[in-house]
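**Q** Whatever this is, show me its structure:
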Amino acid sequence: MGSPFTMTLANVYMWEWEQTLLEYQRSHNEMYGRYIDDIFMTTNLSFDEINTRLIEANQQDENIRLTHTISSKVEYLDVLVENDNGQLKTSVYHKLAAEPYILPFSSDHPRHVHRSTINGRLIRAIRLCSHLDDFDKERINIEFTLLLNGYPPKFINYNFNKFFQKHNVLSVMENLDNIMYEQLHRTLLYQPTIKERQQHQHEQQQQNIQSKDLFIHYTFESGPLVNFTKELKHLWNEHYINKNPIKQNIRLRFGTKSNKNLCQLLVKKKPSKSLLRDVISSD
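**A** Presented below is the predicted three-dimensional model:
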């Protein structure tokens, strides 16, 4: 995996290899999914028939060897998939070696980053948990993880309530409303993918350029810069917008980057340009 292009080549190679298996699954109205070299499949075949199909798949290419798990309950990436009387049931899968550590609340990041950490965890749990009971267990696990990493209970409760209020399903948290949860689960499950959102954001940025948005990027630091955006907006409105109505269509947009951590400061992964030039010239 030394080249950035290696992943693309691996996907092309796997795509060519999987076509026979993919067509077989389609013709039998079964599921088939692959992420890089991890494959998930459903089938109604017997164990002997499944093993026969896997042996045939292993004989297609000497460079590809399949190791498999066959069960009514399997772990696939970060999802636990279970056959519950003919219905697929999903929940969050935690590896035994996984440690409950996330971005600490004491880290030198803007507060919106910590809020996004909570929102991201909740969205992931709702998407992966097809049943309310499993989500409620995962919600408790999220709260425990946040507390372990220094998040204040008041901050956690506020952002939990804000998340459910935003989606108009506060009853899911307060009363464990199963109907409302199923609606929320389906809504978030079919949201656009990261790639689709990135494409949409790019289009929005092009529109923002036309609407004369002013982007301001700065390095966030705890202390004097905590209220930087609020104070700058106040000064902008007071000295520019209020005194010059023509500038009312110009909006301020802020972007932050974090200071380098100790690992980035102390660990040098790439040789300096001067050293590289010396090596090239010596050759």
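
**Q** How much space separates N44 from H28?
**A** When CB to CB, to the nearest Å is the yardstick, N44 and H28 sit 8 Å from each other. (Glycine included, C-beta is placed from N, CA and C.)

**Q** Which helix runs longest in this protein?
**A** As assigned by DSSP state H, the longest helix anywhere in the chain is helix 6-27.

**Q** and it, how far from the chain's centre?
**A** Its chain's C-alpha centre lies 25 Å from the corresponding centre of helix 6-27 when counted by CA atoms, centre = their mean, to the nearest Å.

**Q** Counting by contacts, list what the helix or strand following that helix packs against.
**A** Secondary structure here is assigned by DSSP states H and E; on that basis, the next helix or strand after helix 6-27 toward the C-terminus is strand 32-35. The helices and strands touching strand 32-35, judged by 3 or more CB pairs under 8 Å, 6 or more residues apart in numbering; DSSP states H and E, are helix 6-27, strand 38-41.

**Q** Just the C-alpha atoms of strand 32-35, please, in CSV.
**A** As requested, C-alpha coordinates have been extracted for strand 32-35 and formatted as CSV (Å, rounded to 0.1, in the frame of the first residue of the first chain):
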residue,chain,number,x,y,z
TYR,A,32,-23.8,-8.7,-1.8
GLY,A,33,-21.6,-5.9,-0.6
ARG,A,34,-17.9,-5.2,-0.5
TYR,A,35,-15.6,-2.6,1.1
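
**Q** Show me the contact partners of that strand.
**A** Outside of strand 32-35, the residues that reach it under the criterion CB atoms under 8 Å, 6 or more residues apart in numbering are 14, 18, 21-22, 25-26, 39-41, 77.

**Q** Quick check: which of those residues has the minimum pLDDT.
**A** Of all the contacts of strand 32-35, L21 has the smallest pLDDT value, namely 86.

**Q** close enough to count as contact, it and N58?
**A** No - with contact defined as CB atoms under 8 Å, L21 does not count as touching N58 (11.0 Å).

**Q** Comparing those two, which residue is more hemmed in?
**A** The residue with more neighbours, out of L21 and N58 and counting by other CB atoms under 10 Å, is L21; that gives 19 against 14.

**Q** Identify the residues contacting the more buried one.
**A** 32, 53, 57.

**Q** let's see 7 Å
**A** Counting by CB atoms under 7 Å, 6 or more residues apart in numbering, L21 makes contact with A57.

**Q** repeat for K233
**A** Residues counted as contacts of K233 (CB under 7 Å, 6+ apart) are L252.

**Q** Repeat that for Y158.
**A** Applying CB under 7 Å, 6+ apart, no residues contact Y158.

**Q** All the helices of the stretch 101-250 of the chain, residue numbers only.
**A** Counting by DSSP state H, counting those that start in this stretch, the stretch 101-250 of the chain has helices at residues 111-128, 132-148, 153-166, 170-175, 178-189, 194-210, 228-236.

**Q** right, and the helix or strand after the last one?
**A** Translated: helix 228-236. The first helix or strand that comes after helix 228-236 along the chain, using DSSP H and E, is strand 252-257.

**Q** what about that following strand, average pLDDT?
**A** Averaging pLDDT along strand 252-257 gives 80.

**Q** Pull out the buried positions in that strand.
**A** Residues of strand 252-257 classed as buried under the neighbour-count rule (16 or more other CB atoms under 10 Å) are 254, 256.

**Q** tell me the angle it makes with helix 228-236.
**A** Counting by axes from the mean of the first three to the mean of the last three CA atoms, to 10 degrees, strand 252-257 lies at 160 degrees to helix 228-236.

**Q** element containing T52?
**A** Following DSSP H and E, the helix or strand that holds T52 is helix 47-58.

**Q** how about that helix: buried residues?
**A** Taking 16+ other CB under 10 Å as the criterion, helix 47-58 shows 54, 57 as buried.

**Q** bridging residues for S91?
**A** On the basis of DSSP bridges, S91 takes part in beta bridges with L80.
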